[in-house]
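# using only what follows, build the 3D model:
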Amino acid sequence: TMAISNEDSNIHANDVGDAVGIDVGSSVGLRVGSIVGSFVGSGVGSLVGSSVGSTVGSAEGDLVGSFVGSLVGSFVGSIVGSGVGSLVGSLVGSDVGSLVGSGV
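Below you'll find the predicted structure:
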């Protein structure tokens, strides 16, 4: 019975660790993703806007630039966010799992 209960507690600890890891990872990923996405998006948007603006006109350039910038920003943000989120989630999850498993 001792071995079974010990195994059960390890499974429980891993479940808790996974749950906390997913939670923390997704929130950190969203935050980092939005920061990186807005940074990259504004950079790309201003580049595109100035190049289009020099050809067509500054008003149209700004319009196209902000559109492209928001598209690129959200795309990059979601990729970076999910990557960072899963990385942080697995790290936090394994740490929390081992802590809970050791009885802390």
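# give me the mean pLDDT for the helix or strand harbouring G73.
Using DSSP states H and E, G73 sits in helix 58-101. Per-residue pLDDT over helix 58-101 has a mean of 91.
# surely V20 meets V92?
Yes. Using Cβ atoms under 8 Å, V20 is in contact with V92, at 6.3 Å. In this view, the C-beta of every residue, glycine as well, is placed from N, C-alpha and C.
# for G53, what are its contacts?
59-62, 65 (Cβ atoms under 8 Å, 6 or more residues apart in numbering).
# switch to 10 Å and redo it
46, 59-65 (Cβ atoms under 10 Å, 6 or more residues apart in numbering).
# now those in a markdown table, with distance to F75?
As requested, the contacts of G53 are exported to a markdown table (distance: Cβ to Cβ, whole Å):
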| residue | distance to F75 |
| --- | --- |
| S46 | 17 |
| A59 | 25 |
| E60 | 23 |
| G61 | 21 |
| D62 | 20 |
| L63 | 19 |
| V64 | 16 |
| G65 | 16 |
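# which of those residues are buried?
46, 61-62, 64-65 (16 or more other Cβ atoms under 10 Å).
# okay, among these, which ones form the most distant pair?
Taking every pair in the buried ones among the contacts of G53 and measuring Cβ to Cβ, the maximum separation is 11.2 Å, between S46 and V64.
# scan this structure for its longest helix.
helix 2-55 (DSSP state H).
# next one: stretch 92-104 to chain centre, how far?
23 Å (Cα atoms, centre = their mean, to the nearest Å).
# mind listing what's buried along that stretch?
With burial defined by 16+ other Cβ under 10 Å, the residues of stretch 92-104 counted as buried are 92-93, 96-97, 100-101.
# dump these to CSV, plus distance to V36.
Below are these laid out as CSV (distance: Cβ to Cβ, whole Å):
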residue, distance to V36
V92, 20
G93, 23
V96, 26
G97, 28
V100, 32
G101, 34
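# doesn't L30 make contact with D23?
No. Counting by Cβ atoms under 10 Å, D23 stays clear of L30, with 11.4 Å between them.
# any idea how far L87 is from the closest residue to G77 other than its chain neighbours?
Closest residue to G77 apart from its sequence neighbours, by Cβ to Cβ, 6 or more residues apart in numbering: G37 at 2.2 Å. Here G37 is placed at a distance of 17 Å from L87 (Cβ to Cβ, to the nearest Å).
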